[in-house]
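[1] Mind folding the following:
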Amino acid sequence: MEPRELLIIDDEESLHKVLGECLRARGFTVYSACDGRDGLEIFRQHDGIRVVLTDIRIPGLDGLEVLRAIKQHDPLAQVILMTAFSDTKLAIQALRLGADDYLEKPFHLDVLNDILERSFDRQRLGSLSYRWQRFIEHLPLGLIWCSPEGVVEGLTPAAEDLLGDAQKQLAGNVIWEASGLQATHVFFGPSGNGAPILSVEVEANGRAFILQPVDTAERVGRNSRLLVITDITEEKALHRELSTLSRELESRVAERTRSLTAELDFSQRLLDTASVLIVVLDQDGRVIRINKFAEELTRYTREEAERVFLGFIHHPESPLSRIFDPRSIEEITNLIADLPLRDGTRRILSWSARNLPARPGPGRRLVIGIDVTEQKQLEARLKSYNLQLEGMIEASSYELRQTNAQLIHTARLASLGEVAAGIAHEMKQPLNVISITADLIRLLHRNGTLSPDLLLSNLEKIRRTVDRMAITINHLRGFTRIDSANFEPVRVADAIDGALSILGEQIRLDAIDILREVPADLPAIYGELHQIEQVLVNLMQNARHAIEEKAAEAEKSEENAAAVPKRLMLRAGTRRSDREVFIEITDTGTGMDEETRSRVFEPFYTTKQADRGTGLGLSISMNIVQSHGGTIEVESAAGQGSTFRVVLPAEAPA
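    From the prediction side, this is the model:
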């Protein structure tokens with residue numbers, strides 16, 4: 001087989017790599033270019049390139065410009081255009097400009113191989129046709145004059161050129177004695193009763209010739225001989241090539257016929273063994289093809305099925321009318337509808353229908369039905385089970401939410417119980433103010449020195465004190481209420497100040513400094529205010545205990561207790577481009593070792609004495625924060641204090 005060279009022009013490096021490897025493995029010599037101009041230059045430099053595979057969308061020159069240039073340079077070169085766009089007009093334009101084939105991306109290698117084989121075959125046929133034309137247009141022939149005895153008397157210059165060195169043996173010699181020309185003897189012997197010899201084929205000087213006698217009796221004498229010599233070397237080569245090509249094409253056609261026959265047999269077997277209903281109808285609704293599964297499913301014969309399917313058309317309210325209408329152009333996919341069977345039962349099928357591509361003759365309609373009866377029945381049962389399960393989950397979730405709310409409420413009351421003594425102490429001060437003011441009014445009245453202005457001033461003092469007590473009591477009432485889990489926007493500053501109103505004064509009475517750093521422009525969070533307060537109260541109470549414990553340890557070890565810092569820092573801010581809000585509580589307490597830090601959020605885990613905690617505070621706090629979409633981070637080291645960081649998502653701006 002002659003070498004087959006082709007050029008690929010495409011700006012996709014991966015395409016060159018994949019196609020290059022595949023085509024070289026199939027015996028092609030492949031050249032590559034990523035630019036239209038580079039591709040043309042490679043084509044002009046390599047005369048052996050007979051096929052060009054080019055994309056339409058390439059830099060430099062586009063595919064259509066490359067096509068024009070190649071056809072101008074070599075009309076016999078085969079050009080196959082590729083494109084990733086389904087553009088019929090562009091394809092037609094390319095074919096009109098002389099494109100030999102058209103390939104749409106993405107394509108299979110088998111399709112490309114078939115197109116390339118056709119292209120090389122067309123190129124070879126075109127080359128043979130061109131050479132035949134050139135052979136006819138420049139038919140090489142000359143004349144040789146001989147005496148009746150076969151002695152060569154003269155040659156035309158064309159005959160001399162054709163014979164080359166062999167012509168030197170002819171002048172004045174008998175023609176059939178020359179090397180390679182022995183067969184010409186038949187022109188000079190007696191003809192007898194046999195038919196005259198019209199031509200002989202000889203070989204001389206490495207080329208093939210035909211010699212034919214011409215009747216010249218009327219002009220040069222009856223016994224003279226004039227022979228016409230024609231060079232048929234190229235003709236014989238063309239015949240051999242054409243014969244070889246014909247055999248190759250015949251072999252390829254035979255192989256393709258066998259392949260198509262096998263594919264057709266396989267398709268027929270596939271249709272009959274497929275577990276789907278397949279029906280093909282003609283334009284009049286007659287059944288052209290019905291597979292065995294359809295016959296087994298419906299129990300209809302072909303004739304019965306045809307009558308049933310035509311009957312569907314007369315019931316337009318039925319979805320099967322749309323499916324089996326042979327004149328419909330509607331394409332249907334996954335339409336669920338019942339199919340009545342011969343025994344009176346029904347099956348649920350998922351239907352698809354479409355018109356087959358038109359061929360010569362009337363169109364056809366393909367109907368496919370997939371039996372989904374068991375699937376639909378199972379789906380119905382699963383839907384019923386899901387509804388029951390959803391009800392059970394909802395009931396369980398409600399109970400869990402109630403239990404969780406009660407647990408949080410209990411923990412909150414426990415926290416409040418721990419600070420109850422401090423709160424009672426705080427209440428004594430405003431009550432003392434009220435008592436002293438009342439005694440003062442009574443004394444002034446007894447002495448007759450109680451003026452109206454002085455009375456109003458002291459009464460206003462009592463009113464302000466009562467209002468402050470009411471605010472504190474109302475906040476405590478809200479703090480102890482069972483949560484309804486109604487989330488709303490919450491200001492971080494309000495949550496911090498609420499926690500401080502419950503516990504802050506008691507922390508200060510323990511000689512612990514409270515530092516507060518809360519920016520005024522913090523974004524709000526979305527949640528429940530009292531739950532956030534509960535988390536902060538738990539963390540502040542833990543920090544308070546850790547600070548007191550460290551101070552007590554300093555006193556026991558006879559250290560200077562006054563030198564031990566007693567400080568609690570409340571700091572808030574944002575991170576991750578203001579998408580998160582954090583609240584940090586940092587203490588100067590005892591801190592935690594690695595094991596304690598890893599277990600600090602476990603339920604019932606505590607390092608405190610029994611009268612100072614149950615081990616549920618941090619576990620419940622983490623539960624609350626996670627229900628708000630956040631988390632609690634811990635940084636701590638033994639003897640170095642701790643930082644608990646509550647991180648919550650910022651509320652998205654409306």
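[2] contacts and neighbour counts: CA atoms only from here.
    OK.
[3] Compute the number of surrounding residues for Val276.
    Neighbour count of Val276, defined by other Cα atoms under 10 Å: 19.
[4] got the contact list for it?
    Going by Cα atoms under 8 Å, 6 or more residues apart in numbering, Val276 touches Phe293, Ala294, Ile368, Gly369, Ile370, Asp371.
[5] separation between it and Lys383?
    Taking Cα to Cα, to the nearest Å as the criterion, Val276 is separated from Lys383 by 26 Å.
[6] Quick one: mean pLDDT for the helix or strand containing Leu431?
    Taking DSSP states H and E as the definition, Leu431 sits inside helix 420-447. The average pLDDT within helix 420-447 is 68.
[7] can you check stretch 230-244 too?
    On average, stretch 230-244 scores 82.
[8] again, but for stretch 349-359
    Stretch 349-359 comes out at a mean pLDDT of 80.
[9] gap between that stretch and the chain center?
    Relative to its chain's centre, stretch 349-359 lies at 28 Å (Cα atoms, centre = their mean, to the nearest Å).
[10] outside of that stretch, which residues touch it?
    Identification of contacts with stretch 349-359 by Cα under 8 Å, 6+ apart yields 323-324, 329-339, 363-373.
[11] what's the following helix or strand after the helix or strand hosting Phe120?
    Remark: Phe120 resides in helix 109-137, with elements defined by DSSP H and E. Note on helix 109-137: by DSSP H and E, the next helix or strand toward the C-terminus is strand 141-146.
[12] quick one: strands adjacent to that next one?
    According to DSSP bridges, strand 141-146 forms sheet pairs with strand 152-155 (antiparallel), strand 225-231 (antiparallel).
[13] can you put those strands in CSV and add distance to Arg286 and mean neighbour count?
    Listed next are the strands paired with strand 141-146 as CSV, based on distance: least, Cα to Cα, whole Å; neighbours: other Cα atoms under 10 Å:
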stretch, distance to Arg286, mean neighbour count
strand 152-155, 79, 18
strand 225-231, 65, 21
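[14] can I get these in CSV with distance to His315?
    Converted to CSV, the strands paired with strand 141-146 look like this (distance: least, Cα to Cα, whole Å):
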stretch, distance to His315
strand 152-155, 94
strand 225-231, 80
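[15] Cys22 should be in a helix, yeah?
    Yes. Remark: Cys22 belongs to a helix, assigned using DSSP: H, G, I helix; E, B strand; the rest coil.
[16] one step back: among the strands paired with strand 141-146, single out whichever gets nearest to Phe312.
    With Cα to Cα as the measure, strand 225-231 is the member of the strands paired with strand 141-146 nearest Phe312 (76.1 Å).
[17] what residues does that closest one touch?
    Applying Cα under 8 Å, 6+ apart, the external contacts of strand 225-231 come out as 139-148, 150, 159, 162, 207-216.
[18] and what of stretch 638-651?
    489, 523-526, 539, 543, 578-593, 625, 628-636.
[19] From one end of it to the other, what's the distance?
    Its first and final residues considered, stretch 638-651 spans 36 Å by Cα to Cα.
[20] One more: stretch 165-176?
    End-to-end distance of stretch 165-176 (Cα to Cα): 16 Å.
[21] List the residues that contact Gly36.
    Ile9, Ile58, Pro59, Gly60, Leu61, Asp62, Gly63, Val66.
[22] And Leu23, by the same measure?
    Going by Cα under 8 Å, 6+ apart, Leu23 touches Thr29, Val30.
[23] Please report how far it lies from Leu109.
    For Leu23 relative to Leu109 (Cα to Cα), the value is 9 Å.
[24] which stretches of the stretch 451-600 of the chain have low pLDDT?
    Scanning the stretch 451-600 of the chain for pLDDT under 70 picks out 465, 467-485, 558-562.
[25] Helices of that one, start to end?
    Along the stretch 451-600 of the chain, counting by DSSP state H, counting those that start in this stretch, helices occupy 452-480, 492-509, 529-556, 594-599.
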